[in-house]
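*Asks:* Provide a 3D model corresponding to the input given below.
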Amino acid sequence: MNPTTIGFVAGALTSVAAIPQVVKTMRSRQAHDISIWQPLLLAFGVALWMVYGILIGDTPLILANITPLVCNVVLTVLKIRYDKTDRCG
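*Replies:* This next block holds a predicted model:
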C-alpha cells in the first residue's frame, strides 16, 4: 500500500468513527453514559486539524475532518440536551 492509499483509508475510518455513537444516542435519546469531554475535545481537535489543513492547503485533510467535526458537535449537543431532559424528568 502506498502512503496516499493509507491516508485515504485512515481518513475514511476516522471520518465515520463517530457516526454509530451519534445514531445510537439519537435513537435511544439517552446520553448519560457518554462523557461530555470526549466529543467536546474531539470536536476541538478535528477543528484544529481542519484549520491546519486550510492553512497548508491540504484538501484531503480538510475533507477528512468535516464529518467527525459535525458528528462530535452533534454528539456534544445531544449530551447536553439529553442530560438536561434526564434531570427535568
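*Asks:* what helix or strand is residue 13 on?
*Replies:* Assigned by DSSP states H and E, residue 13 belongs to helix 3-16.
*Asks:* just the CA coordinates of whichever helix or strand comes after that helix, formatted as PDB?
*Replies:* For helix 3-16, the following helix or strand on the C-terminal side (DSSP H and E) is helix 19-28. C-alpha atoms of helix 19-28 as PDB (Å, rounded to 0.1, in the frame of the first residue of the first chain):
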ATOM      1  CA  ILE A  19     -21.500   8.100  13.300                       C
ATOM      2  CA  PRO A  20     -22.500   4.900  15.200                       C
ATOM      3  CA  GLN A  21     -22.400   6.700  18.500                       C
ATOM      4  CA  VAL A  22     -24.500   9.700  17.200                       C
ATOM      5  CA  VAL A  23     -27.100   7.300  15.700                       C
ATOM      6  CA  LYS A  24     -27.300   5.200  18.900                       C
ATOM      7  CA  THR A  25     -27.700   8.400  21.000                       C
ATOM      8  CA  MET A  26     -30.400   9.800  18.800                       C
ATOM      9  CA  ARG A  27     -32.300   6.600  18.700                       C
ATOM     10  CA  SER A  28     -32.100   5.900  22.500                       C
END
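*Asks:* May I see the buried residues of helix 19-28?
*Replies:* Buried residues in helix 19-28, counted by 16 or more other CB atoms under 10 Å: 21-22, 25. (Each C-beta comes from the backbone N, C-alpha and C, glycine too.)
*Asks:* Dump these to a markdown table, plus distance to residue 56.
*Replies:* What follows is those, written out as a markdown table (distance: CB to CB, whole Å):
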| residue | distance to residue 56 |
| --- | --- |
| 21 | 29 |
| 22 | 29 |
| 25 | 33 |
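*Asks:* what would those look like in JSON lines with pLDDT and distance to residue 84?
*Replies:* Formatted as JSON lines, the buried residues of helix 19-28 follow (pLDDT from 0 to 100; distance: CB to CB, whole Å):
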{"residue": "21", "pLDDT": "93", "distance to residue 84": "19"}
{"residue": "22", "pLDDT": "94", "distance to residue 84": "18"}
{"residue": "25", "pLDDT": "94", "distance to residue 84": "14"}
